[in-house]
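Undergrad: Prediction below, plus the sequence it came from.
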Amino acid sequence: MNKKLLALYLFAAMSALAASAVQAQSANQAQARAYYFAAEDAFTNGSLKDALGALKKAEELRGKTDARFLALEVKILAGLKRFAEAKTKIDEFFAYDADSGLQREVAPLLLEIDKGLAASAKKAFTDGLREVKAKNFTKARQFYEAGCAGGNASACNNLGVLYVNGQGVAKNNARANELYEKACDGGNVNGCNNLAIRYHNGRSVERNYTRAAELYEKACDRGYVTSCSNLALLYRDGNGVAQDGGRAFELFQTACDSNNQNACFSAGSMYETGTGVAKDPARAREVYQAACNDKKVVGCVGLGHLSQSGEGMPKDYSAAHQYYTQACDGGNAHGCNDLANLYRDGLGVNRDIEVARILYDKACKDRFSAACEEVKKLDQNDG
């Protein structure tokens, strides 16, 4: 008898608990609806923060979300310009099988969110540039990370540069390569060129001329003339592509026409030295002369070489001196170096080691390595 009474007692207690739980759940659902309606009203009245708070409370009481809740949350977040969060929520929304009316209501926000993300990413990129200029590399990294995450390809490229240089972050070449790839895929030609250089020179990746050529071509086709010049080197030497001197010259000339002075020199040098094409000093002179006349002073350096060697034009050290001076005065370190050689050796001028030293030093400061070696030699001789 006691067992039966105990069983009846337990059943009654459990029934009471269940009824209480149902009542509590019902109360929660009622409150959740009230908060949802409050969220709708607040959104309509433009009180977006209040709307978001009420909606979160409604979700908490319900213990779950659904397409209707997510639709309202996307609207609120877009209104608050919290586009990254809005993007996450709108993706969640479209994972639900919402009715077509609700989908039409939310669909226009896709473009608004994408535009907002792009604008935020662009601002982050601009902020990153400002911090780099101020040498605040840690802050620059943070801005570039935000910009890259938001889809700004330029921010991805510049973040890669920070990883290569170890500025504001530990050096990480593998991460830099990933970022250059992402930048390139996003349409940033600097990213394509930077990654191509890595493959070209085998920096932190296995050297792959074919991959380098693909990336250079991609950037060159988009008008990035540095990549055109770099691609020309591969065609000239037959690395990663079939050797094609004509194609190499064409690419060098394209870059030269866009004021890439190294390309101007390389175009003439092909014919001066017979690299990739038949040697033709007269043709080299034409290329160098055109560049020099167009104030691309590296062409004047080439004319100085021909004047000094007597190939393609009469041998004339005085003319070489004139061309090298023109190039050096125009800011070309190669021209300063070659002018220094004339003073060092007394070719066409009185031998003057001090003038040579000044010119070598000028070229060295402009990172012309041969000039730096000459400065060292002169210093050793003084010692």
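TA: Structure received.
Undergrad: Provide a list of residues in contact with residue 309.
TA: Going by Cβ atoms under 8 Å, 6 or more residues apart in numbering, residue 309 touches residue 315. The way it works is simple: take the backbone N, C-alpha and C, and place the C-beta from them, glycine included.
Undergrad: State the pLDDT value of it.
TA: We note a pLDDT of 95 for residue 309 in this prediction.
Undergrad: ok, now how distant is it from residue 49?
TA: Taking Cβ to Cβ, to the nearest Å as the measure, residue 309 falls 77 Å from residue 49.
Undergrad: hang on, residue 162 packs against residue 144?
TA: Yes: the criterion here is Cβ atoms under 8 Å, and residue 162 meets it with residue 144 at 6.8 Å.
Undergrad: neighbour count winner among those two?
TA: Legend: neighbour count by other Cβ atoms under 10 Å for residue 162 and residue 144, higher for residue 144 (33 against 24).
Undergrad: How much space separates that one from residue 135?
TA: Distance from residue 144 to residue 135, counting by Cβ to Cβ: 15 Å.
Undergrad: and if you look at residue 243?
TA: In terms of Cβ to Cβ, residue 243 sits 44 Å off from residue 135.
Undergrad: which of these two has more neighbours?
TA: Applying other Cβ under 10 Å to residue 243 and residue 135 shows that residue 243 carries more neighbours, namely 13 against 10.
Undergrad: Per-residue pLDDT of the more buried one, please?
TA: 93.
Undergrad: I'd like to know how far it sits from residue 270.
TA: According to Cβ to Cβ, residue 243 and residue 270 sit 12 Å apart.
Undergrad: Now the common contact residues for these two.
TA: The contact lists of residue 243 and residue 270 share 236, 276, where a contact means Cβ under 8 Å, 6+ apart.
Undergrad: Can you list the buried residues in stretch 69-84?
TA: Across stretch 69-84, burial judged by 16 or more other Cβ atoms under 10 Å covers 69-79, 82-84.
Undergrad: Check stretch 290-304 too.
TA: Residues 290-292, 296-304 are the ones in stretch 290-304 that count as buried (16+ other Cβ under 10 Å).
Undergrad: now the end-to-end length of that stretch.
TA: Taking Cα to Cα, to the nearest Å, stretch 290-304 runs 14 Å from one end to the other.
Undergrad: tell me which element the spatially most central residue of the chain falls in.
TA: Central residue of the chain (Cα atoms, centre = their mean): residue 157, 1.9 Å from the mean position. Using DSSP states H and E, residue 157 falls within helix 153-165.
Undergrad: Distance from the chain centre to stretch 161-170, please.
TA: 13 Å (Cα atoms, centre = their mean, to the nearest Å).
Undergrad: Now do that stretch: everything it contacts.
TA: So stretch 161-170 is contacted by 136-141, 144, 171-173, 175-176, 179, 194 (Cβ under 8 Å, 6+ apart).
Undergrad: CA atoms of it as PDB?
TA: Written as PDB, here are the backbone C-alpha positions of stretch 161-170 (Å, rounded to 0.1, in the frame of the first residue of the first chain):
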ATOM      1  CA  VAL A 161      54.800  43.500 -47.600                       C
ATOM      2  CA  LEU A 162      54.700  43.900 -43.800                       C
ATOM      3  CA  TYR A 163      55.100  40.200 -43.300                       C
ATOM      4  CA  VAL A 164      58.100  40.100 -45.700                       C
ATOM      5  CA  ASN A 165      59.800  43.000 -43.900                       C
ATOM      6  CA  GLY A 166      58.800  42.000 -40.400                       C
ATOM      7  CA  GLN A 167      57.200  45.400 -39.800                       C
ATOM      8  CA  GLY A 168      54.500  45.300 -37.100                       C
ATOM      9  CA  VAL A 169      54.500  41.600 -37.200                       C
ATOM     10  CA  ALA A 170      57.000  38.700 -37.100                       C
END
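Undergrad: tell me the mean pLDDT over that stretch?
TA: pLDDT averaged over stretch 161-170 gives 96.
Undergrad: Can you give me the buried ones in the helix holding residue 157?
TA: Judged by neighbour count (16+ other Cβ under 10 Å), helix 153-165 contains these buried residues: 153-164.
Undergrad: I'd like the next helix or strand past that helix.
TA: Sequence order places helix 173-185 as the next helix or strand after helix 153-165, per DSSP H and E.
Undergrad: Summarise which helices and strands that next one is packed against.
TA: helix 153-165, helix 189-201, helix 209-221 (3 or more Cβ pairs under 8 Å, 6 or more residues apart in numbering; DSSP states H and E).
Undergrad: What is the last one packed up against?
TA: It stands for helix 209-221. helix 173-185, helix 189-201, helix 225-237.
Undergrad: Which helix or which strand is home to residue 91?
TA: helix 83-95.
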